[in-house]
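1. Please find the sequence and the predicted model below.
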Protein chains: 2
Amino acid sequence: MADDVRRVAAIGAGVIGAGWVARFLLDGIDVDVHDPSPGAAAAVDHALANAERAWRKLTLAPLPERGRLRFHDTVAAAVEGAQYVQESAPERLDFKRRLLGEILAAAPAGTPVGSSTSGFTPSALRDGLGAGASRVFVAHPFNPVYLLPLVEVVGGEGADDAALARAEALFARVGMKPLRIAREIDAHVADRLLEAVWREALWLVKDGIATTEEIDDSIRFGFGLRWAQMGLFETYRIAGGAAGMRHFLAQFGPALKWPWTKLTDVPDLDDALVERIAAQSDAQANGRSIAELEAKRDDNLVGILLALKANDWGAGATLRERDAALFGRVHARAAAAASSGSGPMASVTCRAREDWADYNGHMTESRYLQVFGDATDAFLRAIGMDSAYLASGRSVFTVETHLRHLDETKVGETLRVTTRLLARDSKRAHVAHEMRAGDDARLVATAEQMLLHVDAKAGKASAFDAALVAGLDAIARTQAGLPAPDWVGRKVGGPKA
Amino acid sequence: MADDVRRVAAIGAGVIGAGWVARFLLDGIDVDVHDPSPGAAAAVDHALANAERAWRKLTLAPLPERGRLRFHDTVAAAVEGAQYVQESAPERLDFKRRLLGEILAAAPAGTPVGSSTSGFTPSALRDGLGAGASRVFVAHPFNPVYLLPLVEVVGGEGADDAALARAEALFARVGMKPLRIAREIDAHVADRLLEAVWREALWLVKDGIATTEEIDDSIRFGFGLRWAQMGLFETYRIAGGAAGMRHFLAQFGPALKWPWTKLTDVPDLDDALVERIAAQSDAQANGRSIAELEAKRDDNLVGILLALKANDWGAGATLRERDAALFGRVHARAAAAASSGSGPMASVTCRAREDWADYNGHMTESRYLQVFGDATDAFLRAIGMDSAYLASGRSVFTVETHLRHLDETKVGETLRVTTRLLARDSKRAHVAHEMRAGDDARLVATAEQMLLHVDAKAGKASAFDAALVAGLDAIARTQAGLPAPDWVGRKVGGPKA
């Protein structure tokens, strides 16, 4: 079904409904909306803007042309001709049942109808709607719907399995992860877990153990990071070590007997339950050893921490401070060494990161230019180009670069770049960088660059201001008398230097 | 204290203790370990290898020289001269108390002693150990300790606050996030939340609602992604919309009355508790609007999803499939267009991502080379270089690149690269790329590259094999008769083409 769906209906466009609408529209599917509340159109606009902003970052592929969005005054008008219907009305059972009845009466025969309900079972939703209601099921997404992939799909007793399968194919097409829940139960699966945490957290606040911020921090600096990539059981499987899940259950099972939560109703962890969990966990691991899972977990955590560092947020802010402290130690040593001397400027010291490797296991070519770009930035800071200067609308652009790759760089190696000012005029600076790698400080790459000073507001080249000229001349004096590197002035494919 | 700590002791080196040891050693701190179990040294080796592998990716800074690691037969020998002691023994109260007594008797006076206990209160640990025990407290970390920043710090009644503060400074120094818990309680804060989830999850498995894998998926494809960056309350604050936390509580509070979990003991959500939560949530938001929090949340989720995509895992695997599908649509259109024509090869179509922007809001220079590198890869695939060829130990390296930047590229713009084969000999190919941006397809950059075919095993240049030669010649035929671009053969700073 999925590929030929061109038109769906959304009944209800609050935060959740609008998220669904954005998912569908961004895949190029037309959406017909019914929501009588005055804020519905604004909610859809808002979700759509957020979704487009996020997906511009999530993929390099050009996004499909947006589907056509239309609002309707009645349920019947919205679902006419719809190939799928998503109901996201307020969480009141009688109200949802009435809407579902209207949908079933007006939508084309056989069209699957998913409900975003977080609490009700599909049987409760279908109750009293007759035999045609078998194509009504639970399709419970998570906020923000345009970003989080999960959708819990619950059919329950008597569901039309073919309708569910067609809907699941549609969810996968719009980038979601449909998770079929075998047995219906109030609040399905994820919200039961969330509700347990919510209740416990309310006790902690009420009893004055921790504030809302402290509780949030206890999550996002710790187990929340784990749960973005592995869940509860797989995480514990690794913690159990090579002995696996049975070992873990033996070690931590007894805590179930302790009054550790305010919510003390607990299942008996008898042999049958231990065996079931261990067997399911084995199946889930799908042959991966603990060591393999551990490496995957760590790689995922590293990636998540780096992503959060880029946003200077949560555990990423902690990492940023750590990073600054580690670099601080390096810079203190470098400053001590540099204050004595003259010659080429020591512009960058860093390491070739593992995720910079290409398929040959060497540093990818664009990373060389990234490091050389950092060297240029260090050079510009050294001549006095600071954030106030940039804020004034002036800047320096690279107009030309000549790179030579002379040797391979292995990941993990320390890289040191030195920078020379070869020449300057009123608007241009001609610089040369040399990159050395490893303990043997072998020359791995060179870059020759022409930098142009620009007035970004005027949109054209302009003269360096006096402060930068002074900075350039100061650098030139420390490098006076050095012969020009013998490799500058080359053309691609020219004779060997 | 933190900066002058050069020596700590670790009593107990299982999974948790070994993680602590790795954190300290990687910061250059000497660690003295006591753990009588035969596997302790191996556990430390393992954690240290994992930690070093992870931190090589987490920071570009050269790591400090590792501290000195020494194992001791007795607690007394290990803690002698220690400036901090971390106890990570098995979770048995009598056993921990006996060890803590030995630590207090032998460690220097005033040395803080943190316990990794996940369950016991500091008062329970100190019970019967005398007045000197006030420097014993809970320092509860999360596995893997060398990666997750959180450490819950609980002093309880009668704790030596100065000792705790010194320990917290040390934790921050080694990259952790100490979270002081105001009131002691069994299992502190995070493990109370975890225990609530664990108990609910056991019911779900026991009742046959979901398997361990399904429960894990319900976490890591949904709310687990949220919790890596914001916790429970901040997430719900956003969900409540502009009306904030009070609105959310009004909307979802009633669910507390429903039997949604097996664990139904719930606090009364009376006015006082609503007011307390709302006020704490306001304080936590620290003036940030819902829109600001929403944008931050989305940026974090985007970063996390991209990080997981790089590892092809969980929600990242879903995103990878989505990405491939979106590119598939583009490629289908491109293939249809290309099958008709001759001329320069259309090697890359992509978009300038928002996180590619420099401080001027334009695409960073190294990203140009990244896209040109993708164009070279596409060119090499087109001449027949596939993974089997690479697996045979032969490859193509870029030895020289000349870049020109002709115009600015704004984030979000579509980029299209065309590629020309200018010349080849038995080992080298001379190529020229042109990058056009935006709807007006203006020329923003060019790259001229010399590619060298190498036998990586032999470590030297070698001739293209016959299949690649045929591929090169086929490309050359489709481009026969095209004049050479007028911009090739330039030197940096040479006359304008």
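-> That came through, no problem. Not measured: the values here are computed from a predicted model. Numbering: from 1, shown residues only, chains lettered A, B, ... in the order given.
2. Quick one: neighbours of the nearest residue to residue A:456 once chain neighbours are set aside, just the number.
-> Closest residue to residue A:456 apart from its sequence neighbours, by Cβ to Cβ, 6 or more residues apart in numbering or on different chains: residue A:393 at 5.1 Å. Any C-beta I mention is one placed from the backbone N, CA and C, and that applies to glycine too. Residues near residue A:393, counting by other Cβ atoms under 10 Å in any protein chain shown, number 13.
3. I figured residue A:393 was touching residue A:453, is that so?
-> No: contact criterion Cβ atoms under 8 Å: residue A:393 and residue A:453 do not qualify, at 11.9 Å.
4. Endpoint to endpoint, stretch A:235-247 covers what distance?
-> 13 Å (Cα to Cα, to the nearest Å).
5. In it, which of the residues would be classed as buried?
-> The neighbour-count check on stretch A:235-247 (16 or more other Cβ atoms under 10 Å in any protein chain shown) flags A:235-241, A:244-246 as buried.
6. same question, stretch A:50-68
-> Those would be A:50-61, A:63, A:66-67, for stretch A:50-68 by 16+ other Cβ under 10 Å.
7. now do stretch A:484-497
-> So for stretch A:484-497, counting by 16+ other Cβ under 10 Å, buried means A:485, A:487-493.
8. Then stretch A:439-458?
-> Within stretch A:439-458, judged by 16+ other Cβ under 10 Å, the buried ones are A:444-454, A:456.
9. gap between it and the chain center?
-> Distance of stretch A:439-458 from its chain centroid, counting by Cα atoms, centre = their mean, to the nearest Å, is 31 Å.
10. Next one: the longest strand along chain A, is it in contact with chain B?
-> Using DSSP state E, we find that the single longest strand of chain A is strand A:442-455. Yes: on the criterion Cβ under 8 Å from any Cβ of the partner chain, strand A:442-455 is in touch with chain B at A:448-450.
11. of those, closest to residue B:3?
-> Proximity of these to residue B:3 (Cβ to Cβ) peaks at residue A:449, which lies at 39.4 Å.
12. which ones are touching the closest one?
-> Neighbour list for residue A:449: A:372, A:376, A:398, A:400-402, A:430-433, B:492 [criterion: Cβ atoms under 8 Å, 6 or more residues apart in numbering or on different chains].
13. What's opposite it in the beta bridge?
-> residue A:401, residue A:431 (DSSP bridges).
14. Quick check: pLDDT value at it.
-> Note on residue A:449: pLDDT of 93.
15. same deal with residue A:323?
-> Looking at residue A:323, the pLDDT reads 82.
16. Could you do the one 3 residues further on as well?
-> Predicted confidence (pLDDT) at residue A:326: the value is 79.
17. just the buried residues of stretch A:439-458 now: which is nearest residue A:408?
-> residue A:444 (7.2 Å).
18. Next one: that closest one from residue A:416, what distance?
-> Separation of residue A:444 from residue A:416 (Cβ to Cβ, to the nearest Å): 10 Å.
19. what touches both of these two?
-> A:435-437.
20. export stretch A:444-459 as PDB, just CAs?
-> What follows is stretch A:444-459, C-alpha atoms only, in PDB (Å, rounded to 0.1, in the frame of the first residue of the first chain):
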ATOM      1  CA  VAL A 444      51.800  14.600   5.800                       C
ATOM      2  CA  ALA A 445      50.300  17.500   4.000                       C
ATOM      3  CA  THR A 446      50.700  21.100   3.000                       C
ATOM      4  CA  ALA A 447      48.300  23.900   2.200                       C
ATOM      5  CA  GLU A 448      48.800  27.200   0.400                       C
ATOM      6  CA  GLN A 449      46.000  29.600   0.800                       C
ATOM      7  CA  MET A 450      45.000  33.000  -0.500                       C
ATOM      8  CA  LEU A 451      42.900  34.900   2.100                       C
ATOM      9  CA  LEU A 452      40.800  37.900   1.100                       C
ATOM     10  CA  HIS A 453      39.500  40.600   3.500                       C
ATOM     11  CA  VAL A 454      35.900  41.400   2.900                       C
ATOM     12  CA  ASP A 455      33.200  43.800   4.000                       C
ATOM     13  CA  ALA A 456      30.300  41.400   4.100                       C
ATOM     14  CA  LYS A 457      27.700  44.200   4.300                       C
ATOM     15  CA  ALA A 458      29.000  45.900   1.200                       C
ATOM     16  CA  GLY A 459      29.500  42.500  -0.400                       C
END
